[in-house]
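**Q** fold the following and give me the result.
(2 chains)
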2 protein chains.
Amino acid sequence: MFNQIQQQLHKFVQRGLDNHLRLAVTGLSRSGKTAFITSLVDQLLHINMNDNDHLNLFAPAKNGQILSVKRVEQHDLTIPRFEYDRNRQGFENDPPVWSASTTGISEIRLAIRYQRRDSLLRHLKETSTLYLDIFDYPGEWLLDLPLLSQTFKEWSQAQQLVHKGERAELAQTWLSQVKQLDLTAKTDENQLADLSEDYTAYLLKCKEMGMQYIQPGRFVLPHSERGAPVYQFFPLLDLSEQAWQQLAESPKNSIYHTLEKRYQHYQQKIVKPFYEDYFSQFDRQVILADCLTPLNHSQQAFLEMKIGLQQLFKHFHYGNRSLFSRLFSSNIDKLLFVATKADHITTDQIPNLESLMRQLVQEGGRFANFEGIDTAYQAIASIRATDAVIATQEGKQFKAIRGVRSSDKKLVTLYPGSVPSRLPDANYWQYNRFEFDQFEPKQVAFDQPLPHLRMDSVLQFLLGDKF
Amino acid sequence: MFNQIQQQLHKFVQRGLDNHLRLAVTGLSRSGKTAFITSLVDQLLHINMNDNDHLNLFAPAKNGQILSVKRVEQHDLTIPRFEYDRNRQGFENDPPVWSASTTGISEIRLAIRYQRRDSLLRHLKETSTLYLDIFDYPGEWLLDLPLLSQTFKEWSQAQQLVHKGERAELAQTWLSQVKQLDLTAKTDENQLADLSEDYTAYLLKCKEMGMQYIQPGRFVLPHSERGAPVYQFFPLLDLSEQAWQQLAESPKNSIYHTLEKRYQHYQQKIVKPFYEDYFSQFDRQVILADCLTPLNHSQQAFLEMKIGLQQLFKHFHYGNRSLFSRLFSSNIDKLLFVATKADHITTDQIPNLESLMRQLVQEGGRFANFEGIDTAYQAIASIRATDAVIATQEGKQFKAIRGVRSSDKKLVTLYPGSVPSRLPDANYWQYNRFEFDQFEPKQVAFDQPLPHLRMDSVLQFLLGDKF
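**A** Down below sits the predicted model:
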């Protein structure tokens, strides 16, 4: 009997000392979310192999505190499983292949058994378990969160600000049609459906051109409710204050009021559920950005990335002040910005890459610190595809990278150019031919962890304080 | 002041006298849901044209009680709009085309203004409005409803019953793998994912072969959460009572318990929300069935159709008896079974088609009547693609149909064979070569209603009592 009580007590204490951590990973498109999570999981699953040489900067692994890591079943079975095994298999294949990217949310759960450091609790319990839930979700969902704080008018005016240069050109088909509308006239649903299709086509074109600030973000994601009215609206640009006033006074069934109603529906039925069901539950957030590819594109692409990242930051900024902020209050206590594909440049350029990213999000970064969110910036390669080598040309030695170039599948040694350490101006794109190549992954032996660059440092920041 | 009160009162009474009717339309796959709804909407929108000659059997139209019909915006903007206009346009095109089929739920709302018959209320109000919401949803969702009443074991055993003949052959890949499993062993999620993929492939194959009784129905529908564990389970066949007992006693993390848990999750998180959010709100239900195509296929296809239809009926059967039935209690007061494509046979065969359908659902039909649901059976052509003609061959006259055959786009006159009036036995498929052709739609002038066969009778049954 006493034994039973003791056992129960022991169980109870055990549970109380176990921890849960919900880690969310997102990124603007093609930033390498899948590779990042695959590698993060892979590094943890290979803990206590090779003396943890692959995790030199992750203290709880290096000092032997972490005893074992295993995958366990996720809690919510309606969320797709993150396909770790299939991805890992791809790197073992001959030839190895990059993982297919994900389009919605997915989840993977790890159980990390470790030795407690606090000696008092060690008497009660030998080991504890940290349950780590990793959520992968589209950056477009995060980009939609700011909509929750904007009226239709405010959102339209914010869209106005980015609607310049290349964008204005791409928007012509859509915009020239809208200009001919009498927005106070009675709504024709088919007309709105057609115009919204034009608007969506324009957003998709923007995305294709490397522009990252796309709202509503879900308009450019594949989904099955495409034909629902809630996906059929668009911002109104170039309206005077007087025009807005007149629209507000138009009949309830006017085009204007229909657009506004759909926008509000989108806020309440599409964006808010993500906020409530997921975002507000996350403990830590990783935001990935591929800062190199926009350098290949154009100044516009680069500026949009900046706007996009700063918009994202707003959520961490809104912290716990106003009445409004309650909506946005989140549990997030650590925020990590990661510049991916750091193996695509030479090691001497990595500080520049970090500095560039820091500047891209600088404004937001200050806010995040202000709100007491621990924020860090790191340039890494989730899965290292190249080797750093010293090349000699015309008698001179220089740092270079060597890897299998994706475009022609050839092993090449090259110097991909230098990364600007500050936000480049328009001249930059005129005088610099920036061409970061893509590389194929290296083949990995079945019993080895995936090669990486600084994933251990990422782990230390995200999990180091939890053991 | 008094005037104001009077106005308010008038408004209040008006609203009170307006009606809402939620009409749900579903059908087993390729039964012609889209054509049915397009035609139903089209007939109503063309009311009061051509003296309502297209609606001879729909009394409220014929006697002039219905004043006008127009489309209005749907209530729930997150449901895709039913694409009436695009579908209608297809029939006006040269050459005309059948509408693309839908994959999820969609909605269209009509406002039908009419003159009240009851003289007392006519003093209060000249006209009333019936708001008709038409919902289109996949028959697969309806086929899933029976799962709500079955445990994993009961469901597995029900699956066992259909698992014969052709099905058993198709299932071999999946089943031979499952046979090798130790169901009491610890779950390997990847293994379950692979086996579930085999199971899904088997279900898709069944569907392709014209078999209609497919559970879980959502496994064969396209959707984006394919990789979620809730879509990764399958029934366990050929187990003795003793084996089931042993499985129940297996560890919590056994394959068996994982399958059971996922099945329960599927019940609660996937099937039940459809029941609660939609099905329980419907007022009237139309179930479409293409009874001709299975005749082309095999006895198995035909038997499965019977099982499928009878499963569907169970929901209307469960009425309001047991504790369990509360879950299934629905508002549905009218149920219409429609055999579509009645223009693909000669008119003399239509009674046979109706009789055949009646027998297919006979058992369930009795239950439905018993529960006080008004049930009817009709053979119709939502959109008539052929003409009934008299052909002469070798001096003899016979009834035939003429239309543009889909396979070769040629205008043909033919006698497609006779429809059995009773459920055929196996011999039937040995001695009868049944080949119902598909036909292309006829082109429709922009100001004319779509041609149909007995849609007016359908309208009379579904709406006749509401005016």
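**Q** and A:D408, how far from chain B?
**A** The span separating A:D408 from chain B equals 33 Å under the rule CB to the nearest CB, to the nearest Å. To be clear about C-beta, it is placed using only N, CA and C from the backbone, and glycine gets the same treatment.
**Q** so that residue: helix, strand or coil?
**A** The three-state assignment at A:D408 reads coil, by DSSP: H, G, I helix; E, B strand; the rest coil.
**Q** would you mark the buried spots in whichever strand or helix holds A:Q242?
**A** Under DSSP states H and E, the secondary-structure element containing A:Q242 is helix A:241-248. For helix A:241-248, a neighbour-count test (16 or more other CB atoms under 10 Å in any protein chain shown) marks A:L247 as buried.
**Q** which residues does the very next helix or strand once past it contact?
**A** Next helix or strand after helix A:241-248 toward the C-terminus (DSSP H and E): helix A:255-265. Outside of helix A:255-265, the residues that reach it under the criterion CB atoms under 8 Å, 6 or more residues apart in numbering or on different chains are A:147, A:152, A:155, A:181-188, A:192, A:229-230, A:232-234, A:236, A:247-248, A:250-251, B:73, B:77-78.
**Q** any idea of the angle the helix holding A:Q242 forms with helix A:255-265?
**A** Between the direction of helix A:241-248 and that of helix A:255-265, the angle (axes from the mean of the first three to the mean of the last three CA atoms, to 10 degrees) works out to 80 degrees.
**Q** next one: helix A:241-248 to chain centre, how far?
**A** The chain centroid and the centroid of helix A:241-248 are separated by 37 Å under CA atoms, centre = their mean, to the nearest Å.
**Q** swap in stretch A:185-197?
**A** Chain-centre distance of stretch A:185-197: 33 Å, with CA atoms, centre = their mean.
**Q** could you say what helices and strands the helix or strand hosting A:E169 packs with?
**A** Remark: A:E169 resides in helix A:165-170, with elements defined by DSSP H and E. When contacts are defined as 3 or more CB pairs under 8 Å, 6 or more residues apart in numbering or on different chains; DSSP states H and E, helix A:165-170 packs onto helix A:189-208, helix A:299-317.
**Q** for it, C-alpha coordinates in PDB please.
**A** The C-alpha atoms that make up helix A:165-170 are tabulated as PDB, following Å, rounded to 0.1, in the frame of the first residue of the first chain:
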ATOM      1  CA  GLY A 165       8.200  50.100 -59.800                       C
ATOM      2  CA  GLU A 166       8.100  46.500 -61.000                       C
ATOM      3  CA  ARG A 167       5.000  45.800 -58.900                       C
ATOM      4  CA  ALA A 168       3.000  48.500 -60.500                       C
ATOM      5  CA  GLU A 169       3.800  47.100 -63.900                       C
ATOM      6  CA  LEU A 170       2.900  43.500 -62.900                       C
END
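**Q** enumerate the residues of the stretch 201-350 of chain A near chain B.
**A** Where proximity means CB under 8 Å from any CB of the partner chain, the interface of the stretch 201-350 of chain A facing chain B comprises A:222-230, A:258, A:261-262, A:265, A:269-270.
**Q** and what of the stretch 51-200 of chain A?
**A** Where the stretch 51-200 of chain A comes near chain B, counting by CB under 8 Å from any CB, the residues are A:71, A:73-74, A:77-81, A:83, A:85, A:103-104, A:106, A:187, A:189-190, A:193.
**Q** now A:A426, nearest residue through space, not along the chain?
**A** The spatially closest residue to A:A426, leaving aside those adjacent along the chain, is A:Q299, at 5.2 Å (CB to CB, 6 or more residues apart in numbering or on different chains).
**Q** run a quick neighbour tally on the residue of the stretch 51-200 of chain A found nearest chain B.
**A** Of all residues in the stretch 51-200 of chain A, the one sitting closest to chain B is A:P80 (3.6 Å; CB to the nearest CB). A:P80 sits with 23 neighbouring residues when counted by other CB atoms under 10 Å in any protein chain shown.
**Q** ok, it touching B:H223?
**A** No. In this structure, A:P80 is not within contact of B:H223 by CB atoms under 8 Å, at 10.5 Å.
**Q** contact partners of the helix or strand hosting A:V458?
**A** A:V458 is located in helix A:455-463, with elements delineated by DSSP H and E. By CB under 8 Å, 6+ apart, the residues outside helix A:455-463 that reach it are A:21, A:23, A:39-40, A:43-44, A:54-61, A:130, A:132, A:284, A:286, A:334, A:336, A:338, A:376, A:378, A:380, A:382.
**Q** from the residues you listed, which ones fall inside helices?
**A** By the criterion of DSSP state H, membership of the contacts of helix A:455-463 in helices covers A:S39, A:L40, A:Q43, A:L44, A:A59, A:P60, A:A61.
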